[in-house]
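Participant: heads up, no residue letters with this:
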């Protein structure tokens, strides 16, 4: 990767204010394909801004947003934006999705309708048997998904069978 197509702000202690400014730039950027914003202090407001930018951006292929503070609302914002994006292949939210506390995901999330996602990382989210059953439908709903990371969760025998 050259410095013109990849931007790394991992561990820069970025806040929502910085994230909103960066998201405004990303929405119209036509060269960046990889964006790493992991290990910052980005919260819900920043996640919403990046999700809105992602819906408009058609060059980004990978986003690393692990170890931030986006919570359930931020994860939902990303999920809502993904069906509008046709270039993203890798989304790394780490410990952020709604089902991180082992709860049920009541229906297949909207991002499963994204036809370009190939890799999703949901490590260390305390996903249990009920949550993993929701993910069992991924292979049926998304023909491009090649890797789904669920390690460091609480998946038992029932979830393994799903």
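Facilitator: Here it is on my side, so go on. Please read these numbers as outputs of a predicted model, since none were measured by experiment. Numbers count the residues shown, from 1 in each chain.
Participant: use CA for all of it now, contacts and neighbours both
Facilitator: Noted.
Participant: now the strands: where do they sit in this protein?
Facilitator: 6-8, 34-36, 62-64, 90-92, 119-121, 147-149 (DSSP state E).
Participant: From the contact counts, what lies against the fifth one?
Facilitator: The one in question is strand 119-121. The helices and strands touching strand 119-121, judged by 3 or more CA pairs under 8 Å, 6 or more residues apart in numbering; DSSP states H and E, are strand 90-92, strand 147-149.
Participant: Show me what the first one pairs with in its sheet, parallel or antiparallel.
Facilitator: The one in question is strand 90-92. strand 62-64 (parallel), strand 119-121 (parallel) (DSSP bridges).
Participant: do the last one as well
Facilitator: For strand 147-149, the pairing partners within the sheet under DSSP bridges are strand 119-121 (parallel).
Participant: Outside of the partner strand itself, list whatever touches it.
Facilitator: For strand 119-121, contacts defined as CA atoms under 8 Å, 6 or more residues apart in numbering pick out 89, 90, 91, 92, 93, 94, 145, 146, 147, 148, 149, 150.
Participant: which of those residues has the weakest pLDDT?
Facilitator: Ranked by pLDDT, those bottom out at residue 94 (65).
Participant: picking that back up, would you reformat the strands of the chain as a markdown table and include mean neighbour count and distance to residue 74?
Facilitator: Shown next, in a markdown table, are the strands of the chain (neighbours: other CA atoms under 10 Å; distance: least, CA to CA, whole Å):
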| stretch | mean neighbour count | distance to residue 74 |
| --- | --- | --- |
| strand 6-8 | 15 | 20 |
| strand 34-36 | 19 | 16 |
| strand 62-64 | 20 | 14 |
| strand 90-92 | 20 | 13 |
| strand 119-121 | 18 | 16 |
| strand 147-149 | 13 | 20 |
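Participant: Need these in JSON lines (columns: distance to residue 16).
Facilitator: JSON lines is the format used below for the strands of the chain (distance: least, CA to CA, whole Å):
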{"stretch": "strand 6-8", "distance to residue 16": "17"}
{"stretch": "strand 34-36", "distance to residue 16": "15"}
{"stretch": "strand 62-64", "distance to residue 16": "16"}
{"stretch": "strand 90-92", "distance to residue 16": "18"}
{"stretch": "strand 119-121", "distance to residue 16": "23"}
{"stretch": "strand 147-149", "distance to residue 16": "27"}
